[in-house]
Every structure is written in structure tokens, then in C-alpha cells.
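Enquirer: What follows is a protein structure lacking sequence information:
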């Protein structure tokens, strides 16, 4: 039982029910694990008590924009960011939340408290709720942002390209995990397949032609999945 | 309500674009049009989309177009679609076969996934890799475990182990140690999983020295208190110089300078002390200057 698992247990995040049960059993039966957990709790509580300064206003503004977009209220009039400002707004928000303590709910303190959606909010329990869930909206944002990022790939340097793709992979894994926990196994499979292609695209030993092929393949597949998600939520007709 | 004219446009795009295949540029343009048309099929009911996808896959279109059609096919959850996907995975070759196999993983149909085992057995290296990836996509660790158990070459075994490690399939990985014995691939997998218990077991198993050395160093990567204590114990009990060196390497990797310092103080052997001191110097340990001073003073 490593500290990562105990940390996830503390924050009630990222562990399945059976994994949580396993940790609970270990805490109840293994004194050394219980002792480590107590020490960990003290450390983590110390983090919460620590004076976390208010983030810069522009950063908060970007988080707000990311959250708004995740909530599907983005407007067509909003200007698109330039190539290098492409930044996975939702990811920034969620990552920031993770950095200071996932599961706490109210994370960032400013002049007034800002509620940051955490992983649990990407996870809905009932299939009926899925169509309108934060998970689906967040996934749509992820796919659109990924499309946008991939579209600009040729303009970036080699290292920028790798960094960009690694960011996409990181986000993709988060949504894959959320899909599993939402019982959306078909979406989880598609996201796993995306990751395999993204990893190939991030490799530095592929030719420009191969990179272009992989990029085109991903753009096609992102589009298909986006269209499918939109269709499934609109209920206008029966589709694939 | 989906409009019939939409299907007509798609069908026309897929059918008539064959007329513009005379030149490379126009071929590319034609393919782009076909791929755009295929993309629109995702909005169609399965009974309307499947005949068009079938026609594309059976036709003389480029691999790019057919691969796009395969992705659409993977999204159609009907027995007919699964059968067509499997047929393409079995009957095609090269990149298209690899793509079809991976699309079986995306479709997730258990019967079709099970049929990939035969394709694995008769396939070349690319095909075997694609089958394992399809199982990864489908989240089917048991199928990969069975491939590893039956693997006839070390490379095939290591590929399967690597994939199980990526999936975090600890139960299957432990099962492989019992059934196939220690291997470098398994050590890597346990390191990735931070599986102290199994790494410790392998670190004490001297049946394959190379693997044992790798497992000992792996304990250093795990780097927690249990691993540090195990490294100390392995060093003290070692009768083989390679094992001792691996334990020192492990402590170096774990930045466990307290352990090396303890061993330094315990040792009565000048050559051994010198080697331990070298490690402590490399680690820039706080204590190292006092030790150097002691050594110079011959204390």
C-alpha cells in the first residue's frame, strides 16, 4: 500500500469502491499502514491550513473561462486564443484543483470563494443523466481543444509539439478514467485508442508524412466522436 | 429528422469521386471528400450507414478512406457490423489489417475480440502487436495474460507483459511470475507498478543473476522504507559481488545515504569502505566530509 493510494483514499478520489475497501481493511488490520496514514493525514491537513495566497486575477479569469466553456455556455463571439495560448482551460482548472487538494470542493480563495469542479463532478452515476452531464460537456471541450491543438501542430517546434501532445494525453487519460467510472465503456475504449495514436504522434522518430497521417486520423476520429456525442445529447433522431 | 438527400449526397460523394483519380493531387482531394462524407455517416441510423460502409470497404478505395470507414464501422453496435469488422481483420493485409484489428478493440464486442486470438497466432509481428493493442483498448487484461502464457518467443512474452504493466494488471503479472518464472520484462512491470512484495521476492531469487540484479535496483526505484530495509538486508547477506553492487546501486537510486553510511560504519574491510565512500561522495551526503576527515585521520 503506497502513499499515492493512501493520498487518493484521503481525498476520496480516484479509487474504486473495491480499492477503497482494500485500503480500509489495511488501515484496520495493519498498524504500520495506519501509522503512515495518520502521518499523511497530518501532512495533508497542514497543506489545507497553510496560507494559500489568492491566485493572480488573470489566472482566475482563465479558470472562469475554462469552467464556462466546460459548462457549455461559451459563445460564438468569444475570440479564439492564438497558437501558443492554447491551454486546455478545463485542464488548468481541474489540475489546479488537484494541486491543492482534490475533493475539497471549494478550493481557491479569493475575494470570494470560487467553486472549482473536481473529478467527482465529471462522474455521474445514472446513465440517464449522462447526456447532459458535466462529463460529456467536459469531454466535448477536451476533444474540441485537442482538435484545435492538433490543427496547429506544424507551426510548433519539435519540443512544443511533444509538450502539446503530452498535454492532450494527460487530459485524455483523465477523461478515460471518468468514462470508466461513468460506465461509459465504449467512450473509454475510444479514448484508449486515441492515446495509442497520440503516443505515436509524440515520438521523435516519425517522419513528417507519418505525423501528418496520424494527425489527420485523429482529427477525423475526434470529429466523429464529437458529432456522435452531440447527436446523442440532442435526441433528434436515432443515429449510430 | 434525417433527410434522404443527405444520404444521397454522401453516396454520390463516395461513388462519383472515383472519376477524379487520374492525378495524385486529385486523388488526395477525392479522398478528402470521401472521408468528409464518411464522417457525416456517424449521424445516420445504423441500418442506413452500414451498407455504405460495407460498399466502401469492399470497393477499390485507398487505405486512408477504408481506415476512416473502419472507424465508423467500430461505432456501429450490431452483429452485422461486428462480422464485417472481423472479416476485414481476417481477410485484409498490411496497414488496413492492423487498423481493422484495433477497431475490433474499439467496438468491444466480446465474440469478435475472442476471434482475434486466432489472428494473433497466424499473424506477423505487426499483427500480433495490433491484437495486443486491441485488447488494451478493450481493457481485456485476461486475454493479454493468456497470450503471455502461450507466448513462444521472449519478445512476444515481453510485449504482452509491457501491455499488462501499462494496464496496471497486477494480478495477471503476479500470475505470470508463478507460471513463467522471473524475466527482465516482469521486473520492469513490477517497478512501474511499485509492487514491493513481488520485486523483493525476485530480488532474493538467485536463479537468474541478471534478473535478480535488476530487481534489486528496482527496489531502489520503489524507494520506500520497506525497500530501503530490504536493500540493507540483501547487501549484508550477499555472497556475490554483483548482488552487493546492485544493492548499493539501489540505495544510490533511492538516495538512501543513511543506509550506505550504516554499512560504511559496520564494515571492517578497507576496500569495501572505499567503495561505500565513493557512493556517499557521489550522493553528496552531508556526512561524507566527516567520513573523509575520519579516513584521513585513520580513525
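Expert: Looks like it arrived, so ask away. What you see is a predicted model; the values in this text were computed from it and never measured.

Enquirer: Now the residue in the stretch 101-250 of chain B that chain A sits nearest to. Nearest residue, chain neighbours left out?
Expert: The stretch 101-250 of chain B approaches chain A most closely through residue B:137 (4.6 Å), counting by CB to the nearest CB. Yep, even glycine has a C-beta here, placed from its N, CA and C like the rest. Sequence neighbours aside, residue B:105 is the residue nearest to residue B:137 in space, at 3.3 Å (criterion: CB to CB, 6 or more residues apart in numbering or on different chains).

Enquirer: my guess is that neighbour meets residue B:136, correct?
Expert: Yes - counting by CB atoms under 8 Å, residue B:105 touches residue B:136, with 7.1 Å between them.

Enquirer: just how off-centre is the helix or strand that the residue of the stretch 101-250 of chain B closest to chain A is a member of within its chain?
Expert: According to DSSP states H and E, residue B:137 maps onto helix B:125-138. Its chain's average C-alpha position is 10 Å from that of helix B:125-138, according to CA atoms, centre = their mean, to the nearest Å.

Enquirer: Check which helices and strands it is in contact with.
Expert: With contacts taken as 3 or more CB pairs under 8 Å, 6 or more residues apart in numbering or on different chains; DSSP states H and E, helix B:125-138 sits against helix A:185-202, helix B:94-107, helix B:110-122, helix B:141-150, helix B:154-167.

Enquirer: For residue B:70, see how far away the nearest residue to residue B:54 once chain neighbours are set aside is.
Expert: Take residue B:54 and drop its neighbours on the chain: the residue closest to it by CB to CB, 6+ apart is residue B:84, 6.0 Å away. Distance of residue B:84 to residue B:70, computed by CB to CB, to the nearest Å: 9 Å.

Enquirer: more neighbours, these two?
Expert: residue B:70 (28 against 21; other CB atoms under 10 Å in any protein chain shown).

Enquirer: ok, the residue nearest to residue B:54 to chain A distance?
Expert: Here residue B:84 is placed at a distance of 14 Å from chain A (CB to the nearest CB, to the nearest Å).

Enquirer: Surely that residue and residue B:74 touch.
Expert: No - counting by CB under 8 Å, residue B:84 stays clear of residue B:74, with 10.5 Å between them.

Enquirer: Share the number of residues neighbouring the closest residue to residue A:10 other than its chain neighbours, please.
Expert: Spatially, and ignoring its direct neighbours in sequence, residue A:10 is nearest to residue A:44 (5.7 Å; CB to CB, 6+ apart). For residue A:44, the neighbour count with other CB under 10 Å is 15.

Enquirer: in terms of contact, does residue A:44 touch residue A:7 like I think?
Expert: Yes - if you go by CB under 8 Å, residue A:44 and residue A:7 touch, sitting 7.1 Å apart.

Enquirer: Turn the helices and strands packed on helix B:125-138 into JSON lines, including mean pLDDT.
Expert: Output for the helices and strands packed on helix B:125-138, formatted as JSON lines (pLDDT from 0 to 100):
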{"stretch": "helix A:185-202", "mean pLDDT": "95"}
{"stretch": "helix B:94-107", "mean pLDDT": "97"}
{"stretch": "helix B:110-122", "mean pLDDT": "97"}
{"stretch": "helix B:141-150", "mean pLDDT": "96"}
{"stretch": "helix B:154-167", "mean pLDDT": "92"}
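
Enquirer: Could you say which of those helices is packed most deeply?
Expert: Ranked by mean neighbour count, the helices and strands packed on helix B:125-138 are led by helix B:94-107 with a mean of 23 (mean count of other CB atoms under 10 Å in any protein chain shown).

Enquirer: Can you spell out which helices and strands pack onto that one?
Expert: helix A:185-202, helix B:63-74, helix B:79-91, helix B:110-122, helix B:125-138.

Enquirer: quick revisit: now do the shared contacts for residue B:105 and residue B:136.
Expert: By CB atoms under 8 Å, 6 or more residues apart in numbering or on different chains, residue B:105 and residue B:136 have these common neighbours: residue A:192.

Enquirer: residues from the stretch 51-200 of chain B in reach of chain A?
Expert: B:64, B:67-68, B:71-72, B:75-77, B:102, B:105-108, B:133, B:136-139, B:194 (CB under 8 Å from any CB of the partner chain).

Enquirer: Swap in 7 Å and give it another go.
Expert: Neighbours of chain A within the stretch 51-200 of chain B, by CB under 7 Å from any CB of the partner chain: B:67-68, B:71-72, B:75-76, B:102, B:105-106, B:108, B:133, B:136-139, B:194.

Enquirer: filter those to the buried ones?
Expert: By the neighbour-count criterion of 16 or more other CB atoms under 10 Å in any protein chain shown, those include these buried positions: B:67-68, B:71-72, B:75-76, B:102, B:105-106, B:108, B:133, B:136-139, B:194.

Enquirer: so who does residue B:73 touch?
Expert: Contacts for residue B:73 were tallied using CB atoms under 7 Å, 6 or more residues apart in numbering or on different chains; they are B:53, B:81, B:84, B:85, B:103.

Enquirer: hmm, 10 Å instead?
Expert: Listed by CB atoms under 10 Å, 6 or more residues apart in numbering or on different chains, the contact partners of residue B:73 are A:240, B:38, B:41, B:49-50, B:53-54, B:56-57, B:66, B:80-82, B:84-85, B:88, B:100, B:103-104, B:106-107.

Enquirer: and if you look at residue A:21?
Expert: Residues in contact with residue A:21 (CB under 10 Å, 6+ apart) are residue A:15.

Enquirer: just checking, what packs against the one helix or strand residue A:141 maps to?
Expert: Using DSSP H and E, residue A:141 maps to helix A:134-151. In terms of contacts (3 or more CB pairs under 10 Å, 6 or more residues apart in numbering or on different chains; DSSP states H and E), helix A:134-151 is packed against helix A:57-70, helix A:89-101, helix A:127-130, helix A:158-181, helix A:185-202, helix A:208-234.

Enquirer: rank those helices by mean pLDDT and give me the bottom one.
Expert: Lowest mean pLDDT within the helices and strands packed on helix A:134-151: helix A:89-101, a mean of 32.

Enquirer: one step back: report whether the expected contact of the residue nearest to residue B:137 with residue B:98 is present.
Expert: No - using CB atoms under 10 Å, residue B:105 is not in contact with residue B:98; the gap is 11.3 Å.

Enquirer: which residues do the two both contact?
Expert: Common neighbours of residue B:105 and residue B:98, using CB under 10 Å, 6+ apart, are B:130, B:131, B:133, B:134.

Enquirer: can you pick the most crowded of those residues?
Expert: residue B:134 (31 neighbours).

Enquirer: so what's the nearest residue to it once chain neighbours are set aside up against?
Expert: Leaving aside its sequence neighbours, residue B:134 sits nearest to residue B:105 (CB to CB, 6+ apart; 3.2 Å). Contact partners of residue B:105, counting by CB under 10 Å, 6+ apart, are A:189-190, A:192-193, A:196, B:74, B:112-113, B:116, B:130-140.

Enquirer: Nice, that's everything, thank you.
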